[in-house]
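[1] Just a sequence and a predicted model for now, questions to come.
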2 protein chains.
Amino acid sequence: MNIGEIAKRAGVSRSTVSYALSGKRPVSARTVRRINDVIAELGYRPNASARALAEGKTRTIGLVIPPASARLTDAQLGFVASVVEAAAAHDHDVLLSPSGGDHDRSFERIVTGRRVDGVILMEILLEDARVDRLTGAGLPFVAIGHVEHPGASWWVDVDYATLIARCVRHLADLGHEHVVLINRSEHLVAAGYGPAVRATAGFLGAAGECGITGHTVSCADEPAAGLECFERIRARWPEVTAAVTINEAALPGVQRALDRAGLDVPRDFSLTGVLADRLAEDFHPPLTAADVPAGEMARLAVDLLLEQIGDRSAEPRHALLEPAVTLRSSTGARRSRK
Amino acid sequence: MNIGEIAKRAGVSRSTVSYALSGKRPVSARTVRRINDVIAELGYRPNASARALAEGKTRTIGLVIPPASARLTDAQLGFVASVVEAAAAHDHDVLLSPSGGDHDRSFERIVTGRRVDGVILMEILLEDARVDRLTGAGLPFVAIGHVEHPGASWWVDVDYATLIARCVRHLADLGHEHVVLINRSEHLVAAGYGPAVRATAGFLGAAGECGITGHTVSCADEPAAGLECFERIRARWPEVTAAVTINEAALPGVQRALDRAGLDVPRDFSLTGVLADRLAEDFHPPLTAADVPAGEMARLAVDLLLEQIGDRSAEPRHALLEPAVTLRSSTGARRSRK
DNA sequence: GACAGTCATCGAACCGGTTCGATGATGGGA
DNA sequence: TCCCATCATCGAACCGGTTCGATGACTGTC
């Protein structure tokens, strides 16, 4: 069941079989046919490890995911699936590696064992040790999200600052004067998680420019936290008439809180933010929001990575996506209170 | 940066370095120390492909997932993450392969390329060609779910039939006489997806035994479908006072429909089923339900797979989990109507 | 009919590990 | 003092592919 066996049965040398399969040198049509017949008969497939060893290419990319303990969000899940599909479309496989927590052995295995040709790094922090580690190891990689000073690196990200700012301006245009940002968890903000930090910056900047009052709150990535968080907002800042959010997981809780308070969206309260289209559309009413296009980001990341693998000296490239804020039904003009 | 280089700098042969690293033959303490010093200095790590080729083991397991087009549910997502963690705990990596749709090249690559030592197969159908393919190829595998006639194979599953039957009996005990099963999508039922089919069987069987009326409906795996589905149920069978479900994704829609209809749970309507604990707890009120313990199943599957890989002639084993139906607050005695 | 130029194929080396049998050094016992 | 174990280490073969330089057969030309 190896190439030598095929060669023997076809009456040729091992190298001829190899060339017949790869097409890297001409082989007579008759010989190719004979070899193919034998291969079909025996159901032969080249051994991936042997090929990887000889070629120095594994045709595999590593995908570094957050550990299971930090429950993956819906968006992250979609991203993983899309990366796998995009890689499959290029005949590449995907090796998963949890990182963070105590699972850094896995990350090290991937980085130093030449198991993969390159890596896609999810959930980048503004300062991220893994980025330095990969740069140091000389392993091609594409980051999802970008560090504070990206320098010469490859990455794909959504421009949270700009998109959140657009949401704020949209609300200001509708007459809202007191708005709140429902951010991701305190922990992520403290750790310097890009989207959380940049959303805050974009929010406060735009609120200042528009001359309206902007409050920010952190909220754990769970429905229960969303409910609790929204009720706290109502209690603390009753004058707030609109919210902006990037916290997808908290959304069901926010929905529940709105229902419970008897607030009609958008008549009594407006809600918008940066969220996967699917979630925005599942809300009642559907949310005016900018998409987080996980599928597109995945495809882009894989394309960039393969480009980099193909030409190790290529100029670093990146993509900062700015999906449009899609108008749905969750934002409306502020009504005078009382 | 290869073993030869280490050997040269440490003044020993390649085999000595190999033995020092693996400990498969004794090496003098002095030599080990010298070798380790050189390795630490150069940051050497053995090449995984070369090792896999020589050992005939890749230390990698394949995880066959549904294609991204069939959006993964929350439970599936958690399962993937848990498999990766469990494998990492045994110093194994996980290679992902979407299957179904037009992505079967990827599945074939995994199966025939000796890229993995074994496979975990998600989302088994009652008749599943992939099971036969793997059996034929002689590649160790553990199925999540079991085919109709499992024969001598390895698998892990939740006993949907029994659990759903328990839910029905629980409702019957509370006095409910007209209950409905909210199943997964029509498509899955038709394709012979185990949980959907077995849930139906368990539901109808128990309803018959208890002498109550049981209706079944299919529902796509989306919140919107859940809402629509629940309203159809109310219109068609107004006498129904309780529902059993295995459709996690439809839950938010069901919740919305209950709210909209002004039904109080459990006073006016009871709801139970087989669902991930997390989702059951996020419901309002928290659902009385049996858990789908994705993490435990993942760990079990990995353990079984590694056992099988370690001893290829081991007797096939399987696990049919029967998590308890946890009483929360969503089921109550039927009130006489009107 | 000798010669150059293709074309198809072969053999050997290589990728970077593991493993087996052999060998030399050391020490203990008779 | 000789012999035999034991211990540490070495060299070579092997895993299953790819790739390079070489070789022989065939074709066409003058």
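    Looks like it arrived, so ask away.
[2] give the contact list for A:I212.
    Shown in contact with A:I212 (CB atoms under 8 Å, 6 or more residues apart in numbering or on different chains): A:V168, A:L171, A:A172, A:H176, A:E177, A:H178, A:V179. Quick note: C-beta positions are derived from backbone N, CA and C, even for glycine.
[3] Can you list the buried residues in whatever helix or strand the first one lives in?
    Looking back up the chat, that one is A:V168. Using DSSP states H and E, A:V168 falls within helix A:160-173. By neighbour count on 16 or more other CB atoms under 10 Å in any protein chain shown, the buried set for helix A:160-173 is A:160-172.
[4] next one: stretch A:122-135
    For stretch A:122-135, the neighbour count (16+ other CB under 10 Å) marks A:M122, A:E123, A:I124, A:L125, A:L126, A:D128, A:R130, A:V131, A:R133, A:L134 as buried.
[5] Next: stretch A:219-226.
    Within stretch A:219-226, the residues scored as buried using 16+ other CB under 10 Å are A:C219, A:A220, A:D221, A:E222, A:P223, A:A225, A:G226.
[6] hang on, the earlier thing: what sits up against the helix holding A:V168?
    Outside helix A:160-173, the residues that touch it by CB under 8 Å, 6+ apart are A:179, A:181, A:194-195, A:198-199, A:201-203, A:205-207, A:209-212, A:214, A:242, A:244, A:246, A:270, A:272-274, A:288-290, A:322-323, A:325, A:331.
[7] Out of the buried residues of helix A:160-173, flag the one nearest to A:G310.
    A:Y160 (30.4 Å; CB to CB).
[8] For chain B, see how far away A:I65 is.
    A:I65 sits 7 Å away from chain B when distances are taken as CB to the nearest CB, to the nearest Å.
[9] Tell me what that residue is bridged to.
    Beta-bridge pairing of A:I65 under DSSP bridges involves A:P98.
[10] just checking, it touches A:V80?
    Yes: the criterion here is CB atoms under 8 Å, and A:I65 meets it with A:V80 at 6.5 Å.
[11] now stretch A:229-240: how far from the chain's centre is it?
    Averaging C-alpha positions (CA atoms, centre = their mean, to the nearest Å) puts stretch A:229-240 31 Å from its chain's average.
[12] Same question for that stretch: list its buried residues.
    Under the neighbour-count criterion of 16+ other CB under 10 Å, stretch A:229-240 has A:C229, A:F230, A:E231, A:I233, A:V240 buried.
[13] Excluding chain neighbours, what is closest to the third one?
    In space, and not counting its chain neighbours, A:E231 is closest to A:A257: 5.6 Å by CB to CB, 6 or more residues apart in numbering or on different chains.
[14] list the contacts for that neighbour?
    A:A257 neighbours (CB under 8 Å, 6+ apart): A:G226, A:L227, A:F230, A:E231, A:R234.
[15] Farthest pair within those?
    So, those by CB to CB: farthest apart are A:G226 and A:R234, at 12.9 Å.
[16] Are we agreed that A:V83 is in a helix?
    Yes: with DSSP: H, G, I helix; E, B strand; the rest coil as the criterion, A:V83 is assigned to a helix.
[17] Thought A:A301 was touching it, still the case?
    Yes: with contact defined as CB under 8 Å, A:V83 reaches A:A301; the gap is 6.8 Å.
[18] Next, show the common contact partners of those two.
    A:I120.
[19] Let's verify the residue lying closest to A:S329 once chain neighbours are set aside: helix, strand, or coil?
    Spatial nearest neighbour of A:S329, chain neighbours left out: A:P285 (3.9 Å); criterion: CB to CB, 6+ apart. Per three-state DSSP, the secondary structure class of A:P285 is coil.
[20] What is the neighbour count of A:P285?
    14 (other CB atoms under 10 Å in any protein chain shown).
[21] ranges for the helices of chain A?
    A:3-10, A:14-22, A:29-42, A:48-55, A:74-89, A:104-112, A:129-137, A:160-173, A:186-191, A:194-210, A:223-236, A:251-260, A:277-282, A:294-310 (DSSP state H).
[22] Of the ones you listed, which is nearest B:S97?
    helix A:74-89 (7.6 Å).
[23] Output the closest one in PDB with nothing but the alpha carbons.
    The C-alpha coordinates for helix A:74-89 follow below in PDB (Å, rounded to 0.1, in the frame of the first residue of the first chain):
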ATOM      1  CA  ASP A  74     -21.900  32.100  18.200                       C
ATOM      2  CA  ALA A  75     -19.800  34.300  16.100                       C
ATOM      3  CA  GLN A  76     -16.600  32.500  16.900                       C
ATOM      4  CA  LEU A  77     -18.200  29.200  16.200                       C
ATOM      5  CA  GLY A  78     -19.300  30.300  12.800                       C
ATOM      6  CA  PHE A  79     -15.800  31.600  12.200                       C
ATOM      7  CA  VAL A  80     -14.200  28.200  13.000                       C
ATOM      8  CA  ALA A  81     -16.600  26.400  10.600                       C
ATOM      9  CA  SER A  82     -15.900  28.900   7.900                       C
ATOM     10  CA  VAL A  83     -12.200  28.600   8.200                       C
ATOM     11  CA  VAL A  84     -12.400  24.900   7.900                       C
ATOM     12  CA  GLU A  85     -14.500  25.200   4.700                       C
ATOM     13  CA  ALA A  86     -12.300  27.900   3.200                       C
ATOM     14  CA  ALA A  87      -9.300  25.800   3.900                       C
ATOM     15  CA  ALA A  88     -10.900  22.700   2.400                       C
ATOM     16  CA  ALA A  89     -11.700  24.600  -0.700                       C
END
